[in-house]
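Engineer: Just a sequence and a predicted model for now, questions to come.
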Amino acid sequence: MHNERRALIMALLAVLCWSTVATAFKLALEVLTPSWLLAFAVCTSWLFLSGLLLWKQQWSNAVRDFRQHWRAYLRQALINPVCYYLILFEAYDLLPAQQAQAINYTWAITMSLLAVPLLGQRLFPRDLLALLLAYLGVLVIATKGNLLGLEFDSVSGVALALFSTLLWALYWILNTRAARQGEQSDATTSLWGSFMLAVPMLLVIALLRDGVPTLGWQAVGTGLYVGLFEMGITFVMWQTAMNLTRRTAAISSLIFLSPFLSLIFISQILGEAVHSATLIGLLLIMAGLAVQKLGGKAEATTAGRSE
C-alpha cells in the first residue's frame, strides 16, 4: 500500500545517511587501507542483507536465484563492489572529501552517455547541456576555480573519481539489461548474491596488498558504519520509500539535498574548509542533473545512489 508520509520519512533518512558517508570514508581511511575498508564494509553489508532475507523468509528463494544466475552475479560483483569501491576509496584517499564526493555525483550523466551504445538510447540536446554543466562543475572543483591554470590537488585522484562514475553507471546499465532479460531477481537479492561472491575476493585482495590489518575502535567502527549506512540499511530505506510512494519523481528529487548536507558534515567533523569553488562546481553539477531530470531521465538517475 502507498503511504506518502512514511515514504517521505524513509527517503529523508536515507538521504541523511548518505550525506554522512563521505565523512565516514575519510575517517576510515585514516586507519584502514582502501582494500581493508572495502572488505570490512562488504562483509558487514552482506551479513545485514542475509539477516534481512531470513527475516523476510526469502532466504530459500535467494539461494535458488543465486544458483540459477551466479554468472550474472559474478559479473556484477567484479564491477560493484570490487572494482567500483576500490577505485572510489583510492580517490577519497588522494582527494579532499569535498572534491571526491562532488565528482561522484556525475555518475548519472555518465549513465546517459553509456546508455547510447549499451541500451540503444539517444542523446538529446538537453543531455548535452547537462553533460557540459556537470563536467564544467568537475573542472571548477578539481582546479579550485583556477580553470586557466589547470592545477589539481591530485590528477590521479580526479581521474580515479571520474573512472568510478563510469563503473557505477555501467553497473546499473548492466542491471537494467539483465532485468529485461530475466537474468536476476529483486534488487535486494541481487545485491546479496553479488556481495556474497565479492567477500572472498576482497579478503584475498586485502591480504595480498596490505597484509593483516591492525584493528582499533576507529577501524572497526568506521568499517561497520560504511557497510551498514553506505551499502546496507540505507539501500533498504531508499527502496522502501520508492515502493511506498506514488510520487516517485518528487521523492527521488530529495537526493539533491545529499551533497550539500555532506559538505556540512565534512566541514564540521573533518575540519575541511569548504572552498567556494566546491560550492560553485557542485551547483553546476546539480544543475546538470536537474536538466537531465527535466529531460525525462528521472528513472535512470534514481536507479542507484551517490556518495
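Structural biologist: In hand now; what should we look at?
Engineer: what is the mean pLDDT for stretch 73-81?
Structural biologist: For stretch 73-81, the mean pLDDT works out to 91.
Engineer: Which pLDDT value goes with K297?
Structural biologist: K297 is assigned a predicted lDDT (pLDDT) of 45.
Engineer: what do you get for G182?
Structural biologist: pLDDT, read off for G182, is 60.
Engineer: cool, the one 5 residues further on as well?
Structural biologist: Confidence per residue is given as pLDDT, and for A187 that number is 76.
Engineer: Next, the contact list for it, please.
Structural biologist: F235, Q239 (CB atoms under 8 Å, 6 or more residues apart in numbering). Backbone N, C-alpha and C define where each C-beta goes, glycine included.
Engineer: How about L52?
Structural biologist: L52 makes contact with T188, V236, according to CB under 8 Å, 6+ apart.
Engineer: Is it in a helix, a strand, or coil?
Structural biologist: The three-state label given to L52 by DSSP: H, G, I helix; E, B strand; the rest coil is helix.
Engineer: mind checking how far it is from Q68?
Structural biologist: Distance of L52 to Q68, computed by CB to CB, to the nearest Å: 21 Å.
Engineer: again, but for T23
Structural biologist: T23 sits at a distance of 40 Å from Q68 (criterion: CB to CB).
Engineer: now swap in A187 and tell me
Structural biologist: Taking CB to CB, one finds A187 at 17 Å from Q68.
Engineer: thinking again about what came up before, T23 and Q68: who's more crowded?
Structural biologist: Taking other CB atoms under 10 Å, T23 and Q68 do not tie; T23 has more neighbours (23 against 13).
Engineer: That one and F229, how far apart?
Structural biologist: 11 Å.
Engineer: In this protein, where is pLDDT below threshold?
Structural biologist: 1-2, 148-150, 176, 178-185, 295-307 (pLDDT under 70).
Engineer: let's see it at 50
Structural biologist: Across the chain, the ranges flagged by pLDDT under 50 are 297-306.
Engineer: Wait, H69 touches W192, no?
Structural biologist: No - counting by CB atoms under 8 Å, H69 stays clear of W192, with 12.0 Å between them.
Engineer: The two: which has the busier surroundings?
Structural biologist: Of the pair H69 and W192, W192 is the one with more neighbours under other CB under 10 Å, namely 25 against 20.
Engineer: quick one: the more buried one and A169, what's the gap?
Structural biologist: Taking CB to CB, one finds W192 at 22 Å from A169.
Engineer: give me the element P200 is part of.
Structural biologist: Here P200 sits within helix 187-210, counting by DSSP states H and E.
Engineer: Does L294 touch R126 like I think?
Structural biologist: Yes - the criterion here is CB under 8 Å, and L294 meets it with R126 at 7.2 Å.
Engineer: how about the helices of the stretch 1-150 of the chain, start to end?
Structural biologist: Applying DSSP state H, counting those that start in this stretch to the stretch 1-150 of the chain gives helices spanning 4-29, 34-55, 59-77, 84-94, 97-104, 107-119, 125-143.
Engineer: What helices and strands are in contact with the third one?
Structural biologist: Identification of packing neighbours for helix 59-77 by 3 or more CB pairs under 8 Å, 6 or more residues apart in numbering; DSSP states H and E yields helix 34-55, helix 155-180, helix 187-210.
Engineer: picking up where we left off before, can you list the helices and strands that the helix or strand following the helix holding P200 packs against?
Structural biologist: Going down the chain from helix 187-210, the next helix or strand is helix 217-229, by DSSP H and E. Judged by 3+ CB pairs under 8 Å, 6+ apart, helix 217-229 is in contact with helix 4-29, helix 34-55.
Engineer: Could I get the buried residue list for stretch 246-257?
Structural biologist: Neighbour counts over stretch 246-257 (16 or more other CB atoms under 10 Å) mark I251, S252, S253, L254, I255 as buried.
Engineer: no no, stretch 200-212
Structural biologist: Buried residues in stretch 200-212, defined by neighbour count with 16+ other CB under 10 Å: M201, L202, L203, I205, A206.
Engineer: next one: stretch 127-145
Structural biologist: Across stretch 127-145, burial judged by 16+ other CB under 10 Å covers 127, 130-131, 133-144.
Engineer: Need the contact partners of that stretch.
Structural biologist: Taking CB under 8 Å, 6+ apart as the rule, stretch 127-145 contacts 98-99, 102-103, 106, 109, 112-113, 147, 149-153, 158, 162, 275-278, 280-285, 287-289, 291-292, 295, 297.
Engineer: quick one: contacts for the closest residue to L38 other than its chain neighbours?
Structural biologist: Using CB to CB, 6 or more residues apart in numbering and skipping the chain neighbours, the partner closest in space to L38 is Y85 (4.8 Å). Y85 sits next to L38, A41, V42 when contact means CB under 8 Å, 6+ apart.
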